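Enquirer: 3D, please:
(2 chains)
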Amino acid sequence: MAGEHTDRAPAVVARDVSKVFKLYDRPSGRLLEWMTLGRLRRHDAYQVLEDVSLEAAPGECLGIIGRNGCGKSTLLRILSGSLSPTSGSVSIRGRVFALIELSTGFNSTLTGAQNIGFAAQMLGMDKAYVRAKKDEIIDFADLGRYIDRPLREYSSGMRARLSFSLFAFLEPDVLMIDEAFSVGDEAFQRKSYALLEQMIKAEGRTVLFVSHAMHVMRRLCQRIVWLEDGGVRLFGAGEEVCDAYLQHMQRHARPGDHAPAIGPSGVPLVPEPFAEPAYSLDGFTPTGADPQLVGLWIVDIKAQVVPVATSRAPFRLYAAFHFARPAPAVRIVVCIHTQDEWLVAHGDTSVREGAPPTPAGGSVIVTSWQVKPIGLAPGRYRVSVEVHPAQGEGEPLLVIDEAGVLEIEGPAVVDSVYDGFLPPGIVEHLDDQ
Amino acid sequence: MSAALIKYRGFIWKRAMLDLRVRYATTDLGVLWNILHPLALIGTYTFVFSFIMGARYPTEGVPYWVFICAGLVPWMAFSDCVASGTTCFQVSAPYLRKLPVPEEVFIAERVLSATINLALSFAVLIALAMIAGQSPSWHWALIPVVLLLLQTLGFGIGLGLGTITTFFPDVQQIVPLVLRMAMWLAPVLYPMSAVPEKVHGVVRFHPGTPFLVAVHELFLDGQMPPVWVWWAQGAWVIGALVAGTLVLRALRREIRDVL
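Expert: Here you go, the predicted model:
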């Protein structure tokens, strides 16, 4: 297309999109309404979206954030065309794909390779085009011999790799991604972010991105829409909306979310045996790195260090970092991933009010993170930690993908509105002994 | 409507083929079951009608089992279209919820898979009939036209019923019932000539009748069906397509809200 790069008309425009679901007690209620031409009202109107307007330009990544139940997924379904709005309009220029759930439209009896052709045709692509792209897709998904095994043998991480590769390589003008992305191993995630960045910046495609992973949103999205109760609460530059959102979350967290664990003396409690971290950290912290992760503990509701958390009560994760040399202000990030690589919880010290921690040389910074076990099923989780400069986009000071294993025991408590937010409680500076 | 069917033709074809293969994928006989099911049913009807009840319908020298097959095979394909069209949107909900693929594509896929089955079964039937002594006629060339018209009727009805069932799940229970009754009211297991003259008018208004009469005339008697048969087929097909399309168009926006 000539003039592709000079043409800055938005690729996605939504104008006053509202969605109302009609809820009937029983199906015959609808029939009654029809027969009386609507004079007899038998439904409750449930408004999910109200006058949402947004636009995204070619070459832009637009983020959509908000608590679960705020209408993000409904909005994405409407934008992708799989749901019609009750009022308002949506216009999209070019080909749009929406990766709304893992393995969208895959067939579990077909192999990975066969599914590529199958799913692509479902997306309305023609055969010859798909055949030309197939090798690239298989290369990127990097599933080894599994590509020729039926899909039912795939883990959710593998399905995610296949579907992301497929959706990305079929050259959509607009790609919508809902969450799905946090699945897949670390290396694949990084590769995928790089590919997304290339699609956005070099190829001028538009990406709509829904995620709870704020650190990813921060990095990818130029602009972010913050949805609350079905309406747009804030629409602006990525960083700005992220900060506002996290601060809001911090302030409006449910009671008890981030009350620091207080010891008997009223002093914020730091678990005692610093010298003995709950996990062997050998081999995790790169030798010679500064800072070093010196400890990671699970602390239960009675302020005891325990080896295994319980799903019956909230608990805290403590992570301690030793800084040999003074460092500029830092931002510390802790993430909890499932074994099949879903990012289920994420915390970031930058959401705290006040100055970011600024480590002196030879100091230890202890962070504590409130974990609501509700929403985290019993099982084993991987904990990753990151230390970044608080300002700017500098190289991270420390990234440890497998800082420890978090094991949760007890009954499964499922809370569908768990937002995966880990409120940072205290950040304590301790001088080296 | 037709634009969507053309755009997704590759998908429709692939899903239909997959349906035939996957339905019995874990069985030893696999694809053969597609043929074995109708064969078993035909065997049962033939046994009951010719041996137990000793039916003596005027089938004009054609073996009774050939006659039964000529009606049953198309009827079963047609009722498969209607029955699976009715549940189609519920069954395809995982796709409909997440993909902007138009609804009719999934109905078309069901109809196509039933039609492929029909083509195979009818081909087997023709081969068996010739072995049994049926002499081929150039009129046979028109059989595919009639069968396709019948399946198009199934598509139209499927569009309408599939849409309505989404909102009123009771329909899903009613349809198989009606289909079973409808089979006995149409000249499937008996020829039109066995129907008493005074109820001819009623049987003729059965949507399946013109198609079945056409197949009987073309296949068994090797002669051109009467003119009313062609008019009736056309009217039913166009009527069903128009009605189905209108129902889907009126309710399309809400289908995915309730899935």
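Enquirer: and the pLDDT for the closest residue to residue A:59 other than its chain neighbours?
Expert: Distance criterion CB to CB, 6 or more residues apart in numbering or on different chains; nearest residue to residue A:59, sequence neighbours excluded, is residue A:204 at 4.1 Å. C-beta coordinates here come from the backbone N, C-alpha and C atoms, glycine included. Note on residue A:204: pLDDT of 90.
Enquirer: now residue A:285
Expert: We have a pLDDT of 52 for residue A:285.
Enquirer: same deal with residue B:108?
Expert: 95.
Enquirer: hmm, residue B:7 and it touching each other?
Expert: No - applying CB atoms under 8 Å as the test, residue B:108 and residue B:7 come out as separate, 11.5 Å apart.
Enquirer: just checking, residue A:14 is part of a strand?
Expert: Yes - counting by DSSP: H, G, I helix; E, B strand; the rest coil, one finds residue A:14 located in a strand.
Enquirer: bridging residues for it?
Expert: residue A:54, residue A:90 (DSSP bridges).
Enquirer: report the contact partners of residue 172.
Expert: In the absence of a named chain, chain A is used. Counting by CB atoms under 8 Å, 6 or more residues apart in numbering or on different chains, residue A:172 touches A:94, A:95, A:96, A:97, A:205.
Enquirer: meant chain B actually
Expert: B:86, B:87, B:90, B:165.
Enquirer: of those residues, closest to residue B:157?
Expert: Of all the contacts of residue B:172, residue B:157 sits closest to residue B:86, with 8.7 Å by CB to CB.
Enquirer: what comes up buried for the helix or strand containing the closest one?
Expert: Element membership of residue B:86, judged by DSSP states H and E, is helix B:64-91. Using 16 or more other CB atoms under 10 Å in any protein chain shown as the test for burial, helix B:64-91 gives B:64-89.
Enquirer: that helix: what's the following helix or strand?
Expert: helix B:93-98.
Enquirer: would you mind naming what in the stretch 151-259 of chain B lies close to chain A?
Expert: Contacts of the stretch 151-259 of chain B with chain A, taken as CB under 8 Å from any CB of the partner chain, map to B:167, B:168, B:169, B:170, B:252, B:253, B:254, B:256, B:257.
Enquirer: just to check, the fifth one is in contact with residue B:104?
Expert: No - using CB under 8 Å, residue B:252 makes no contact with residue B:104, being 9.3 Å away.
Enquirer: ok, the two, which is more surrounded?
Expert: In terms of neighbours (other CB atoms under 10 Å in any protein chain shown), residue B:104 is the more surrounded of residue B:252 and residue B:104; the figures are 25 against 14.
Enquirer: quick one: contacts for the more buried one?
Expert: B:1, B:4, B:5, B:159, B:248.
Enquirer: do the same with residue A:52
Expert: A:14, A:16, A:17, A:18, A:71, A:75, A:88, A:225, A:227, A:230, A:231, A:232.
Enquirer: so the fifth one sits right up against residue A:46, yeah?
Expert: No - in this structure, residue A:71 sits apart from residue A:46 without contact. The criterion is CB under 8 Å, and the distance is 11.1 Å.
Enquirer: measure the closest residue to chain A within the stretch 51-200 of chain B to residue B:139 for me?
Expert: As assessed by CB to the nearest CB, chain A sits closest to residue B:100 within the stretch 51-200 of chain B, at 3.3 Å. Residue B:100 sits at a distance of 45 Å from residue B:139 (criterion: CB to CB, to the nearest Å).
Enquirer: equivalent analysis for residue B:108, please.
Expert: 29 Å.
Enquirer: and those two? Which one has more around it.
Expert: When residue B:108 and residue B:139 are compared for neighbours, residue B:108 comes out ahead with 27 against 15, by other CB under 10 Å.
Enquirer: OK, contacts around that one?
Expert: Residue B:108 touches B:5, B:12, B:155, counting by CB under 8 Å, 6+ apart.
Enquirer: what's the worst-scoring helix or strand of chain B on mean pLDDT packed up against?
Expert: The helix or strand of chain B with the lowest confidence, counting by mean pLDDT, DSSP states H and E, is helix B:33-46 at a mean of 80. Using 3 or more CB pairs under 8 Å, 6 or more residues apart in numbering or on different chains; DSSP states H and E, the elements in contact with helix B:33-46 are helix B:64-91, helix B:103-131.
Enquirer: re earlier: save the contacts of residue A:172 as JSON lines, and put in secondary structure too.
Expert: Below are these laid out as JSON lines (three-state DSSP):
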{"residue": "A:94", "secondary structure": "coil"}
{"residue": "A:95", "secondary structure": "coil"}
{"residue": "A:96", "secondary structure": "strand"}
{"residue": "A:97", "secondary structure": "strand"}
{"residue": "A:205", "secondary structure": "coil"}
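Enquirer: whichever of these end up buried, select them in ChimeraX.
Expert: Selection of buried members from these for ChimeraX, criterion 16+ other CB under 10 Å:
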select /A:96,97,205
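Enquirer: what is the nearest of the contacts of residue A:172 to chain B?
Expert: Once CB to the nearest CB is applied, the member of the contacts of residue A:172 that ends up nearest chain B is residue A:96, at 7.7 Å.
Enquirer: how many other residues sit next to the nearest residue to that closest one once chain neighbours are set aside?
Expert: Distance criterion CB to CB, 6+ apart; nearest residue to residue A:96, sequence neighbours excluded, is residue A:174 at 4.3 Å. Residues contacting residue A:174 under the criterion other CB under 10 Å number 22.
Enquirer: quick one: contacts for residue A:174?
Expert: Applying CB under 8 Å, 6+ apart, we find residue A:174 in contact with A:11-12, A:56, A:92-97, A:205-208.
Enquirer: ok, the residue nearest to residue A:59 touching residue A:56?
Expert: No - using CB under 8 Å as the test, residue A:204 is too far from residue A:56 to be in contact (11.9 Å).
Enquirer: look at those two and report which has more neighbours.
Expert: residue A:56 (24 against 17).
Enquirer: where does chain A come near chain B, residue by residue?
Expert: So chain A meets chain B at A:21-22, A:27-28, A:30-31, A:77, A:80-84, A:96, A:98, A:100-101, A:104-105, A:107, A:109-110, A:117-118, A:121-124, A:126-127 (CB under 8 Å from any CB).
Enquirer: let's see it at 7 Å
Expert: A:21, A:27, A:30-31, A:80-84, A:100-101, A:104-105, A:107, A:109, A:118, A:121-122, A:124, A:126-127 (CB under 7 Å from any CB of the partner chain).
Enquirer: check the offset of stretch B:174-192 from the chain's centre.
Expert: 12 Å (CA atoms, centre = their mean, to the nearest Å).
Enquirer: hang on, I meant stretch B:66-81
Expert: Worked out by CA atoms, centre = their mean, stretch B:66-81 lies 7 Å from the chain centre.
Enquirer: what are the ranges of the helices in the stretch 51-200 of chain A?
Expert: A:72-80, A:112-122, A:127-141, A:156-169, A:186-197 (DSSP state H, counting those that start in this stretch).
Enquirer: want to throw those helices into CSV with distance to residue A:52 and mean neighbour count?
Expert: Listed next are the helices of the stretch 51-200 of chain A as CSV, based on distance: least, CB to CB, whole Å; neighbours: other CB atoms under 10 Å in any protein chain shown:
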stretch, distance to residue A:52, mean neighbour count
helix A:72-80, 6, 23
helix A:112-122, 28, 22
helix A:127-141, 33, 15
helix A:156-169, 24, 25
helix A:186-197, 24, 16
